[in-house]
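Engineer: Generate coordinates for the sequence data below:
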Amino acid sequence: MAPSRSVKIAVVGCGLMGSALARAFSAAGHDVAVWNRTPGKAKAVGSGTVAMENLVEAVSGRELVVVSLSNYAASFEVFSAKGVAPALAGTTLVQLTSGSPADARSGLEWAKAHGVDYLDAAILAYPGFVATDYATVFYAGSRPVFDRHLETLQAIARNSVYVDEKIGSAATLDCAILEAYYGGSLAFLHAAAMCKAEGLDPKTFFSQKNSFLGLISVTADAAQGMIENNDFSGDQCSLNTHVAAIEHIVRLSKDARLSARFPKELLDNYKRALSAGLGEKELPAVFQTLTQE
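Structural biologist: Numbering: from 1, shown residues only. Coordinates of the predicted model:
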């Protein structure tokens, strides 16, 4: 479906993600210039995009400048080049480089100082998922700026989610979701290794995927209300019982000559909650001890 109007866009950074973003904007009918420090990468994007060798020329006169670089340090270095900041004045900069909330705050400071509208964004997708139903992009910053560009931004992800005016909120949500993903992935890989070490085919474990995903879902739902109300009492299963279960996992890991580092880290965190007198509370009570070192 063609956009209501063609928008002049520059995509800065032509790695796998930047190239996918540029192609998606171009496929949606927008006028897309691309730039990369290695000119050959910009030329390789193709798909109707225009490769520019000069960054000032690439961003001049563009309504939207989308940045996808390796990190914020690279971004600041690129935009500190002579003539770039003045060329960006009056445009909207969408920072899609992965970083932390602190990086986002620094980006907003820079943008304000140079008369640039700024949205900090985090994409939850592999490059191959850009412009598909599997892509989600979180945005933080000025709501009017987001609303003004929403139709254009939906070319890269129909599910374009405004998180909050606080500029670090998109990065915070992205890091939170990724921590749950990476932590959960390490947990199920370690679980599969335990099964294999004990002579149980890991496929037997994976066939029970819905069991552990269901437990996580139920616990997450319970935790949301408990954290909101700061009340971790309940009659389902005490932390004392959970700790005893984790101790069995640590023992199995050691007996099977597996790395026990991950389950021991789990055990340490849960035991810290016991030391705080929360043994009779429900599992989400661990939340109360995570800021205490």
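
Engineer: so for stretch 188-200, what's the average pLDDT?
Structural biologist: For stretch 188-200, mean pLDDT rounds to 97.

Engineer: So what's the gap between that stretch and the chain middle?
Structural biologist: 29 Å (Cα atoms, centre = their mean, to the nearest Å).

Engineer: Touching that stretch from outside, list them.
Structural biologist: Residues outside stretch 188-200 that contact it (Cβ atoms under 8 Å, 6 or more residues apart in numbering) are 201-202, 204-206, 212, 249, 252-253, 256-259, 262-263. Any C-beta I mention is one placed from the backbone N, CA and C, and that applies to glycine too.

Engineer: Mind picking the two most distant members of those?
Structural biologist: Phe212 and Arg257 (23.8 Å; Cβ to Cβ).

Engineer: got a list of contacts for stretch 213-221?
Structural biologist: Counting by Cβ under 8 Å, 6+ apart, Gly184, Leu283, Pro284 sit against stretch 213-221.

Engineer: Let me know the closest of the residues you listed to Leu16.
Structural biologist: Gly184 (24.5 Å).

Engineer: show me the contacts for that closest one.
Structural biologist: Taking Cβ under 8 Å, 6+ apart, one finds Ile216 in contact with Gly184.

Engineer: immediately after the strand or helix carrying it, which helix or strand?
Structural biologist: In this assignment (DSSP states H and E), Gly184 forms part of helix 169-197. Next helix or strand after helix 169-197 toward the C-terminus (DSSP H and E): helix 202-206.

Engineer: Please name every helix or strand in contact with that next one.
Structural biologist: If you count contacts as 3 or more Cβ pairs under 8 Å, 6 or more residues apart in numbering; DSSP states H and E, helix 202-206 packs onto helix 169-197.

Engineer: Flag every buried residue along the helix it packs on.
Structural biologist: 169-175, 187, 190-195 (16 or more other Cβ atoms under 10 Å).
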